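K.L.:
what would the 3D arrangement of this be:
(one chain, ligands or ions: 1)
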Amino acid sequence: MYITDSIKYIGANDKTIDLFEGQYKVPNGVSYNSYLILDDKIAIMDTVDTRATDEWLANLDRELAGKTPDYLVVSHMEPDHAANIKKAADKYPSMKIVGNAKTFPMMAQFFDLDLSDRKIVVAEGETLSLGKHTLQFFMAPMVHWPEVMVTYEQTEKVLFSADGFGKFGSLDCDEPWDDEARRYFINIVGKYGVQVQALLKKAATLDIAMICPLHGPVLKEDLGHYIGLYDTWSSYRPEEKGVLVAYASIYGNTRKAAELLAEDLKAAGEKNVCVMDLCRCDLAEAIASAFRYDRLALACATYDGGMYLPMEDYLHHLKAKNFQKRKVGLIENGSWGPLAAKKMREVLESMKEITFCDTVVTVRSAVHSDNEAALKALAEELAE
Ligand SMILES: Cc1cc2nc3c(=O)[nH]c(=O)nc-3n(C[C@H](O)[C@H](O)[C@H](O)COP(=O)(O)O)c2cc1C
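P.N.:
Next comes the predicted model:
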């Protein structure tokens, strides 16, 4: 992948990984990006996961063409990027390791590595000259690890954005950026909106021509689109008007109610209606979709005096990701003591700025005509 004449891509695609971070399905794999800046001094920008060590070392050798790197810049210590620090440090004993005050204590937890005379500890705004290129460092604590920093290269105006602006999917898969970047951001960084907002404020002071993230494609054009999405996601504003109808159903009756609501919403003029089965869909996708739209309808069977567990799990995840600022409609089902709406509401009320539709639909076992009328009323309340 060509980046610029002096910035080389030395990362790798991983198409055989089953779950990223041990939990996210990545049907099109993932890339571990790493870069090499060639100048009077040579800097490696992060390493890669152990799953890609051999390919990374081969790429590094090829681009170095016999030269020795002077610096390894560590954006953060997460193993999918930091796993090969020791290997690289051992291979190039003269190479200095660049991190911040929080990087090195964590590095010592991961590796037995004596860096006493090889550490360069950088702080907010400090620079490191490579020759024609100058690296400037900006701290991004808790986006999404405490020691995260991003690096701005002043001459070519390139932002090495760490995990920011990352996306699932290997680099050779042809898929739109927004969906898989949203699923990545909301699930992995979503909790840290305040910290991302702080980083965006710093980025706004820089003249950025290109963004080099640690996963997914290098962004060279239309940067306003990507930065705009990050601003939306990190401030918990909905990305678009629409209703996500998410249901958890044991035998299908709650599903029927959810599907009727979706039809009613469309009949009421709602153009953007997305229906998801929480027992079967990708949970990370369902979480990202709740953030995407401005309204959410939840339909759930009652189970052992509470919510059917896939819904409880879903709401637990939404809360963990700081879900907020949405309008919500509720449908419950139960055969002897329906309680799911009350339980869903209890969890949702612990989130910020959630408003509820007045209509709550209670199905008793199967959908009847009175439910149909209530579903229409709920659709009228939700539709815009
Ligand atoms: C293991 C189990 C536990 C249940 N617990 C309750 C309950 O506590 N209260 C209740 O009203 N219904 C309970 N139900 C009944 C279901 O909520 C009810 O049959 C509902 O209609 C199922 O909707 P579904 O067709 O969408 O799965 C339970 C069902 C199962 C299978």
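K.L.:
wait, doesn't Leu244 sit right on Ala290?
P.N.:
Yes. In this structure, Leu244 is within contact of Ala290 by Cβ atoms under 8 Å, at 5.6 Å. All C-beta atoms are positioned from the backbone trio N, CA, C, and that covers glycine.
K.L.:
need the residues touching each of these two.
P.N.:
Leu296 (Cβ atoms under 8 Å, 6 or more residues apart in numbering).
K.L.:
so those two - more neighbours on which side?
P.N.:
The residue with more neighbours, out of Leu244 and Ala290, is Ala290; 25 against 22, by other Cβ atoms under 10 Å.
K.L.:
run through the neighbouring helices and strands of the helix or strand that contains that one.
P.N.:
In this structure, Ala290 sits in helix 283-292 according to DSSP states H and E. For helix 283-292, the packing partners by 3 or more Cβ pairs under 8 Å, 6 or more residues apart in numbering; DSSP states H and E come out as helix 177-184, strand 240-248, strand 273-277, helix 309-320.
K.L.:
just the strands in the stretch 151-300 of the chain please.
P.N.:
Secondary structure of the stretch 151-300 of the chain (DSSP state E, counting those that start in this stretch): strands at 158-160, 210-212, 240-248, 273-277, 293-303.
K.L.:
what's the domain layout of the protein?
P.N.:
For the chain, automatic domain parsing gives the domain ranges 7-234, 243-382.
K.L.:
straight-line length of the last one, end to end?
P.N.:
Looking back up the chat, that one is domain 243-382. End-to-end distance for domain 243-382, by Cα to Cα, to the nearest Å: 8 Å.
K.L.:
does that domain come close to the ligand?
P.N.:
Yes. Using Cβ under 6 Å from any ligand atom, domain 243-382 reaches the ligand at 249-255, 301-305, 333-338, 365.
K.L.:
show me the shaky parts of the stretch 1-150 of the chain.
P.N.:
Scanning the stretch 1-150 of the chain for pLDDT under 70 picks out no residues.
K.L.:
skipping its backbone neighbours, what lies nearest Ile208 in space?
P.N.:
Leu159 (4.9 Å; Cβ to Cβ, 6 or more residues apart in numbering).
K.L.:
which ones are touching the residue nearest to Gly190 when sequence neighbours are not counted?
P.N.:
Taking Cβ to Cβ, 6+ apart, and ignoring the residues beside it in sequence, Gly190 has Lys321 as its nearest neighbour in space, at 4.0 Å. The contact partners of Lys321, taken as Cβ under 8 Å, 6+ apart, are 186-187, 190-191, 287, 291.
K.L.:
for Ile186, same thing?
P.N.:
233, 284, 287-288, 291, 321.
K.L.:
what's the farthest-apart pair in these?
P.N.:
By the measure Cβ to Cβ, Trp233 and Ala284 form the most distant pair in those, at 14.1 Å.
K.L.:
what's the distance between Asp39 and Lys327?
P.N.:
53 Å (Cβ to Cβ, to the nearest Å).
K.L.:
for Ser116, same thing?
P.N.:
57 Å.
K.L.:
more neighbours: which of the two?
P.N.:
Shown here are Ser116 and Lys327; by other Cβ under 10 Å, Lys327 has more neighbours (19 against 5).
K.L.:
and the stretch 101-250 of the chain, which of its residues are near the ligand?
P.N.:
Within the stretch 101-250 of the chain, the residues that sit near the ligand (Cβ under 6 Å from any ligand atom) are 249-250.
K.L.:
got the residue ranges for the helices in the stretch 101-250 of the chain?
P.N.:
For the stretch 101-250 of the chain, the helices defined by DSSP state H, counting those that start in this stretch cover 103-110, 177-184, 193-203, 223-234.
K.L.:
now render those as TSV, adding mean neighbour count.
P.N.:
Converted to TSV, the helices of the stretch 101-250 of the chain look like this (neighbours: other Cβ atoms under 10 Å):
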stretch	mean neighbour count
helix 103-110	16
helix 177-184	21
helix 193-203	17
helix 223-234	17
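K.L.:
closest one to Lys25 among the ones you listed?
P.N.:
helix 177-184 (9.4 Å).
K.L.:
pull the distance from that closest one to the chain's centre.
P.N.:
Distance of helix 177-184 from the chain centroid (Cα atoms, centre = their mean, to the nearest Å) equals 7 Å.
K.L.:
give me the contacts around that helix.
P.N.:
24, 28, 165-169, 215-217, 226, 229, 233, 239, 284-285, 288, 291-292.
K.L.:
kindly recompute the last result at 10 Å.
P.N.:
20-21, 24-28, 30, 163, 165-169, 173, 190, 213, 215-217, 219, 222, 225-226, 229-230, 232-233, 239, 282, 284-289, 291-292 (Cβ atoms under 10 Å, 6 or more residues apart in numbering).
K.L.:
ditto for stretch 87-96
P.N.:
34, 41-44, 47, 50, 53, 56-57, 60-61, 64, 68-73, 84, 97, 107, 111, 113-115, 117-120, 128.
K.L.:
what's the PyMOL line that selects buried ones from the residues you listed?
P.N.:
With 16 or more other Cβ atoms under 10 Å as the burial test, the buried ones among the contacts of stretch 87-96 are selected in PyMOL as follows:
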select buried, resi 34+41+42+43+44+47+53+56+57+60+64+69+70+71+72+73+84+97+107+111+115+118+128
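K.L.:
if we can go back for a sec, the contacts of Lys321, buried ones only, as a ChimeraX selection?
P.N.:
Burial among these is assessed by 16+ other Cβ under 10 Å; the matching ChimeraX selection reads:
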select :186,187,190,191,287,291
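K.L.:
returning to what we had before: the residue nearest to Ile208 contacts Thr205, correct?
P.N.:
No. Between Leu159 and Thr205 there is no contact under Cβ atoms under 10 Å: 11.6 Å.
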